[in-house]
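Enquirer: dropping the sequence and predicted coords here.
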Amino acid sequence: MADGEYGLKSLSPFCEKAHRALYFHKLDYIRNHTGRPSGHKQYNPAGQVPVLLIDGQPVPDSTAILIRLEELSDKTLLPADPAECGEAWTWEEFGDSVIAQYIPVARWLDERHWPLNKHYYSQGVPKPLKSFIENLVRKNVGKAYAKRDVLKQGMDAAWAEFERHLDNLEARVPATGFWMGDALTVADIGLFSCIQELRIPTTPWHRDRINERVTLAGWLDRVDAATADKH
Ligand SMILES: N[C@@H](CCC(=O)N[C@@H](CS)C(=O)NCC(=O)O)C(=O)O
């Protein structure tokens, strides 16, 4: 995807989280993009992105990056109160562990959305090979996700459960300000990055379900305005 497409820096919720946090902390950085996450394996043996290099030292994992950025900046995404701080991290983890798992399912495995997404996964591949590669990666993702809880009861059940999460978030989200109060925290950056990845034109069913929750949508817009690097 082009940088900034749909107002996002990345199609990865974890990379989006790191970009937003770097912007919040006003820390300059150079982005180094490879076609596949495993392209950075020399920095993260798990073959995952994001990895942030600080003075040449790799910091893999978006949550570890948020923790490290706190040491590098005089701004903070952590509430001062320990109980609130614990709660903010728990919401950040809810984004990673619960909401993020729906993103590949929505883009790769949902028949309604695959045609809108598949070209992202064959960028740079010669034309005659494109559909072969797209179908191969789709098959592999399907195999991996079939074993996960998210799809154990089938696609319809997954989307019913996704809507139940949205209802719970809509009941919890503040009508004004941010997730934990007046200040932006890791809860906002973490939850936002996962939900916003499905609030885009290539997953229209999810975008519409999210936007129906108007208080949630209003909070997403506020977090976006506070963390989007418009330059
Ligand atoms: N817990 C990690 C998860 C990172 C992750 O799953 N990244 C995806 C991109 S969205 C990836 O690199 N996937 C390739 C793979 O798992 O092989 C984090 O928070 O950074």
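Expert: Nice, I can see it.

Enquirer: which bits of this structure sit near the ligand?
Expert: Ser12, Phe14, Pro37, Gly47, Gln48, Val49, Pro50, Asp61, Ser62, Thr63, Asp96 (CB under 6 Å from any ligand atom). (Glycine included, C-beta is placed from N, CA and C.)

Enquirer: count the neighbours of the first one for me.
Expert: By the other CB atoms under 10 Å criterion, the neighbourhood of Ser12 contains 20 residues.

Enquirer: residue contacts, the residue nearest to Arg107 when sequence neighbours are not counted?
Expert: Distances taken as CB to CB, 6 or more residues apart in numbering place Asn117 nearest to Arg107, at 4.3 Å, with adjacent residues excluded. Neighbouring residues of Asn117 by CB atoms under 8 Å, 6 or more residues apart in numbering: Arg107, Trp108, Thr202, Thr203.

Enquirer: can you say which of the residues you listed are buried?
Expert: Arg107, Trp108, Thr202, Thr203 (16 or more other CB atoms under 10 Å).

Enquirer: tell me the pLDDT at the first one?
Expert: Per-residue confidence (pLDDT) for Arg107: 96.

Enquirer: residues contacting it?
Expert: His113, Trp114, Asn117, Thr202, Thr203.

Enquirer: that older thread, pull out the buried positions in the one helix or strand the residue nearest to Arg107 maps to.
Expert: Secondary-structure assignment from DSSP states H and E places Asn117 in helix 114-117. By neighbour count on 16+ other CB under 10 Å, the buried set for helix 114-117 is Trp114, Asn117.

Enquirer: Ile133 - how many residues pack around it?
Expert: Neighbours of Ile133 (other CB under 10 Å): 16.

Enquirer: which one's the longest helix in the protein?
Expert: Using DSSP state H, we find that the single longest helix of the chain is helix 127-146.
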